[in-house]
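**Student:** sharing a model prediction with you, sequence too.
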Amino acid sequence: MKFLIASVLLMGAAGGGDGIALVLSGGGARGLAHIGVLLALEEEGVPVAAVAGTSMGALVGGLYSCGYSALQIDSIARSVDWDRLFSADAERELTSLPQRMTETGDLLTLTLRGLTPVLPRSAVSTQRIGALLSSLTSFRQAGCGEDFDSLPVPLRIASFDLVSRSVIVHGSGDLAGCMLASMAIPSVFPAVRMGDSLLVDGGVADNMPVDVALSAWDLPVLAVDVSGSPQSIPARPSIVEAGTLTLEALQAAVNSSHDAPADWIIDLDLGSARAWSFGSAESLIATGYRTTMAFLAEHREIPRTGSTHHSWHPGRVGLRNTILGGLVRFPYRAVFPWLNLQRGDLVGPEELRQASEMLYASGLFSSVYPCLLPAGDGTADLLLRLEERDPSSIGIGLIYSSEFGLDGRITFRNWNFLHTGRRLIFSAGGGSGYAFGEATVLDLGIRRKWFNQLTVRGWQMCTTIYDREGWTGEGVETRLEGELASGFSMGWFGLTQTGVLGSLRSSSAGGRDAFAALFVRGVRETLDDPVDPEQGEKLSLVLALDPFEDRQMAGFDCILATRPARRVVLTVDGLVRINSGEDIGSWQYSRLDGSFQVPGHPWNSMPARERTGAALTVRRNLRGPFFIGLRAAGAWDWESPLAIEDGEAVWGAGVSAGVRTPAGPASISWGYGSGGREEWTVRIGLPVNAGPGR
């Protein structure tokens, strides 16, 4: 009731009486200059009695119509991380570590509909901007209703319907949804379906909707044009730039049919700012403010009634129910662990965005759109409009190393295995002298805490065996492993697991061996990027005990990455491998692998029963994606757990230079190691141990 009274009072204060109709054009990021226009209008006391907008003009105008002041909108625009806002990546802090540990860094990923690959709907996701706009506007609509004339400042929004091929003028409905439709640049942002209409950016046909304002209200019209003169064409336009240029070309050809005269037009000269220049928000807003102040000084006939400043702060409402809309394939039990709001919770804008982020982080949905529905008595229902992602995808990964040539991997994923909400990940691949297959079923339990995991893997590898004296021979090794574990997830940064594992191994050099054990594993990982880390840490400890034989194994790995200077990355990593007990075959000796490399030595060299090692890497990021690095590493190998002093040292140092690519870092490196070894390595993509056995 308080929300309704406040809405009526604000509507009377800002929406009634004499004033102007403000028309805000589209222009992508250039439309941020509209905020500066509003700041000037408020400062000069120009009463804005109604707003019509397209694209970014619809976003800015929609927030102003809800009751936010120009200063509040300015604060929102300056505080937003625009890169993150248009990113499709889930929040790392909201994904569980078991979920992230099953991910692979694929060079190319395509979703599957049945067995048919499906191209992405758009180049850029509107998941976060949709949640942001809904959190800022749905509290107002929960009090005022869906009629845009009931907002504090009456509003009209223009979009274009691809079905009827006509301009659609929105005067009611879900405000945030209409704003998204009006900004949906074809091919850049996904089109918005409303009933039988498929809506895209209103700028396709009516980029400055003066005609809309004239037909809706009997008010003098002040229009703001941020479209500017035609921009220079980039030498190699991206898909986003190509889509934006396409829209601008369509605007030039079609918009003339909707031209209508405004009483005043502010033509903003925004220089070289492009439609995607969101990083220039501060200068764009400043230009809009300065130009408008100068324009108002020249046009004293524009009405002024004193202060027009108004502001509104969304309150918090009690949650009565949560409604999931759009579930078709995924069972409710798969969604439930990702819901963080319950009946009776107090919900504000931040809680609304958090609920959307949590569900999006599940990986089950390509879009999660929150909306409040009034339920009376100061409560509301939360409607979550869910768009299920296609439950399967296929990814292709490639690695090239001078040590073993080109390796490939194909990964199939299913997020709804046997319609249970469990995840299936199957990878197969190989290269010269190497082939592998691996399957994992992951069940993330209630509230994402308890989980179960079953993994089966097998590989065959031609091995060149090295020791400290040099090459000793070749062999073929075949291994089959299985692991069944139950674990507890400590959110995004840690997990513990207990379970059973078994391994069967056959070698042309050493016959057959088998090993079964009970194990416990603990992992803590906060690395920002597991392939190319710049900050964070990873600590992993595993202990295994064979209940049938007197055999034990222990392993510890750590990676610590930090940035002591702006362009410098320092990484420290280390390992410990301990095997004890009787009848330990040579196959249980650990080798160097991709997780711990000593420059100058091949990745599968120097088998050792007991090993500890440490390494230091310093990387200097250069301009763009380029980098150079230095690495020094050493290991101490010995034969018996208690006779550590009877061992031998392995060491090496090297330099590298490279570039970051979509497939991961690509680098060329040279290393010199103990025993006078030298080695050149070219590597593209993931670490060497991307497949089992590596």
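**Tutor:** Thanks, I have the structure now.
**Student:** can you show me the helices along the chain?
**Tutor:** 2-15, 33-44, 56-66, 70-79, 82-85, 97-101, 127-144, 175-182, 210-216, 239-254, 281-298, 332-335, 349-361 (DSSP state H).
**Student:** buried residues in the last one?
**Tutor:** Meaning helix 349-361. 349, 351-361 (16 or more other C-beta atoms under 10 Å). All C-beta spots, glycine's among them, are computed from the backbone N, C-alpha and C.
**Student:** just want the angle from that helix to helix 127-144.
**Tutor:** Going by axes from the mean of the first three to the mean of the last three C-alpha atoms, to 10 degrees, helix 349-361 is angled at 140 degrees with respect to helix 127-144.
**Student:** if you count contacts, what does helix 349-361 end up packed against?
**Tutor:** When contacts are defined as 3 or more C-beta pairs under 8 Å, 6 or more residues apart in numbering; DSSP states H and E, helix 349-361 sits against helix 127-144, strand 365-376, strand 379-388.
**Student:** quick one: residue 357 and residue 131 touch, right?
**Tutor:** Yes. When contacts are counted by C-beta atoms under 8 Å, residue 357 is listed as touching residue 131 (7.2 Å).
**Student:** out of the helices of the chain, the one nearest residue 434 is which?
**Tutor:** Of all the helices of the chain, helix 97-101 sits nearest to residue 434, with 22.5 Å by C-beta to C-beta.
**Student:** run through who's touching the closest one.
**Tutor:** Residues outside helix 97-101 that contact it (C-beta atoms under 8 Å, 6 or more residues apart in numbering) are 92, 363, 423, 442, 444, 451, 453, 487, 489-495, 523, 525, 530.
**Student:** how does it look with 7 Å?
**Tutor:** 442, 444, 451, 453, 487, 489, 492-495, 523, 525 (C-beta atoms under 7 Å, 6 or more residues apart in numbering).
**Student:** ok, now stretch 55-71?
**Tutor:** The contact list for stretch 55-71, computed with C-beta under 7 Å, 6+ apart, reads 10, 24-28, 31-32, 34-35, 38-39, 42, 51, 53, 73, 136-137, 140, 151-153, 155, 157, 175, 179, 182-183, 201-203, 309-312.
**Student:** also stretch 483-494?
**Tutor:** 92-98, 448-455, 495-501, 523-526.
**Student:** buried ones among these?
**Tutor:** The buried subset of the contacts of stretch 483-494 - by 16+ other C-beta under 10 Å - is 92, 94-98, 448, 451-455, 495-497, 499, 501, 523-526.
**Student:** go through those and flag which are in strands.
**Tutor:** Of those, the ones assigned to strands by DSSP state E are 451-455, 495-497, 499, 501, 523-525.
**Student:** adding pLDDT and distance to residue 670, write those out as JSON lines.
**Tutor:** Shown next, in JSON lines, are those (pLDDT from 0 to 100; distance: C-beta to C-beta, whole Å):
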{"residue": "451", "pLDDT": "90", "distance to residue 670": "43"}
{"residue": "452", "pLDDT": "92", "distance to residue 670": "45"}
{"residue": "453", "pLDDT": "94", "distance to residue 670": "40"}
{"residue": "454", "pLDDT": "96", "distance to residue 670": "42"}
{"residue": "455", "pLDDT": "95", "distance to residue 670": "37"}
{"residue": "495", "pLDDT": "91", "distance to residue 670": "38"}
{"residue": "496", "pLDDT": "94", "distance to residue 670": "41"}
{"residue": "497", "pLDDT": "94", "distance to residue 670": "39"}
{"residue": "499", "pLDDT": "95", "distance to residue 670": "42"}
{"residue": "501", "pLDDT": "92", "distance to residue 670": "38"}
{"residue": "523", "pLDDT": "95", "distance to residue 670": "33"}
{"residue": "524", "pLDDT": "95", "distance to residue 670": "34"}
{"residue": "525", "pLDDT": "93", "distance to residue 670": "30"}
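**Student:** need those residues in JSON lines (columns: distance to residue 390).
**Tutor:** As requested, these are exported to JSON lines (distance: C-beta to C-beta, whole Å):
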{"residue": "451", "distance to residue 390": "23"}
{"residue": "452", "distance to residue 390": "25"}
{"residue": "453", "distance to residue 390": "24"}
{"residue": "454", "distance to residue 390": "24"}
{"residue": "455", "distance to residue 390": "24"}
{"residue": "495", "distance to residue 390": "28"}
{"residue": "496", "distance to residue 390": "33"}
{"residue": "497", "distance to residue 390": "30"}
{"residue": "499", "distance to residue 390": "31"}
{"residue": "501", "distance to residue 390": "33"}
{"residue": "523", "distance to residue 390": "30"}
{"residue": "524", "distance to residue 390": "33"}
{"residue": "525", "distance to residue 390": "28"}
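**Student:** tell me which of these is nearest to residue 581?
**Tutor:** Among those, and counting by C-beta to C-beta, the member closest to residue 581 is residue 501, at 15.8 Å.
**Student:** for beta bridges, what are the partners of the closest one?
**Tutor:** According to DSSP bridges, the partner residues bridging residue 501 are residue 483, residue 517.
**Student:** now do the one 4 residues further on
**Tutor:** Residue 505 has the following beta-bridge partners by DSSP bridges: residue 479, residue 513.
**Student:** run a quick neighbour tally on it.
**Tutor:** 18 (other C-beta atoms under 10 Å).
**Student:** bridged to residue 648, which residues?
**Tutor:** Residues in beta-bridge contact with residue 648 (DSSP bridges): residue 637.
**Student:** state the distance from it to residue 606.
**Tutor:** 9 Å (C-beta to C-beta, to the nearest Å).
**Student:** ditto for residue 653
**Tutor:** Distance of residue 653 to residue 606, given as C-beta to C-beta: 16 Å.
**Student:** now distance to residue 227 too, for the contacts of helix 97-101, in CSV please.
**Tutor:** Putting these into CSV (distance: C-beta to C-beta, whole Å) gives the following:
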residue, distance to residue 227
442, 49
444, 48
451, 52
453, 54
487, 55
489, 50
492, 43
493, 47
494, 51
495, 52
523, 52
525, 47
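**Student:** which residues outside stretch 616-624 are in contact with it?
**Tutor:** The contact list for stretch 616-624 (C-beta under 7 Å, 6+ apart) reads 567-572, 627-632.
**Student:** actually stretch 191-199, not the one I wrote
**Tutor:** Contacts for stretch 191-199 (C-beta under 7 Å, 6+ apart): 159-164, 168, 177, 180-181, 184, 200.
**Student:** let's see it at 6 Å
**Tutor:** 159, 161-163, 180-181, 184, 200 (C-beta atoms under 6 Å, 6 or more residues apart in numbering).
**Student:** out of the residues you listed, which is nearest to residue 657?
**Tutor:** Nearest member of the contacts of stretch 191-199 to residue 657, counting by C-beta to C-beta, is residue 184, at 42.4 Å.
**Student:** for that closest one, which residues are in contact?
**Tutor:** With C-beta under 6 Å, 6+ apart, residue 184 has these contacts: 191-192, 200-201.
**Student:** which among the residues you listed end up buried?
**Tutor:** Buried by 16+ other C-beta under 10 Å: 191-192, 200-201, out of these.
**Student:** any chance of JSON lines for those, columns pLDDT and distance to residue 332?
**Tutor:** Converted to JSON lines, the buried ones among the contacts of residue 184 look like this (pLDDT from 0 to 100; distance: C-beta to C-beta, whole Å):
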{"residue": "191", "pLDDT": "92", "distance to residue 332": "29"}
{"residue": "192", "pLDDT": "93", "distance to residue 332": "26"}
{"residue": "200", "pLDDT": "92", "distance to residue 332": "33"}
{"residue": "201", "pLDDT": "90", "distance to residue 332": "36"}
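**Student:** farthest pair in these?
**Tutor:** 192 and 201 (10.1 Å).
**Student:** ok, the contacts of helix 97-101 vs residue 477, which is closest?
**Tutor:** When those are compared against residue 477 (criterion: C-beta to C-beta), the nearest one is residue 453, at 25.3 Å.
**Student:** surely that closest one meets residue 442?
**Tutor:** Yes. With contact defined as C-beta atoms under 6 Å, residue 453 counts as touching residue 442 (5.2 Å).
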